[in-house]
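Trainee: have a look at this fold, sequence not included:
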């Protein structure tokens, strides 16, 4: 019985911690967009993210075309100035605030 309770508790803990990880990535992505993208793009991160739905962003990212899509949306963006580790966070942000995603609080 203790073993079953332990397994259930572990499963609940893992499930509860997953959304926090995605939210943390999206929050960091939003900060990165503000700091590194916004001046070059000339518009907010939410406007950037709303260019696609969540499924479209996922497909673009999975195909390895996320950076090219960011350059297409923000032609003045210098891709060599963006660290490779930042792209995942900007992607998480884009998925969260996609056109069919979370509506930002103003």
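Mentor: Looks like it arrived, so ask away. Everything numeric in this text was worked out from a predicted model, so none of it was measured.

Trainee: what is the least confident helix or strand in the chain?
Mentor: Sorting the helices and strands of the chain by mean pLDDT, DSSP states H and E puts helix 2-32 at the bottom, at a mean of 70.

Trainee: and whichever helix or strand comes after it, what's buried?
Mentor: Note on helix 2-32: by DSSP states H and E, the next helix or strand toward the C-terminus is helix 38-41. By 16 or more other Cβ atoms under 10 Å, the buried positions in helix 38-41 come out as 38, 41. For glycine as for every other residue, the C-beta is placed from the backbone atoms N, C-alpha and C.

Trainee: pull the residues that contact helix 38-41.
Mentor: Contact with helix 38-41 is made by 44-45, 48, 73-74, 76-78, as judged by Cβ atoms under 8 Å, 6 or more residues apart in numbering.

Trainee: spatially central residue for the protein, please.
Mentor: Centroid check for the chain by Cα atoms, centre = their mean gives residue 92 as the closest residue, at 1.3 Å.
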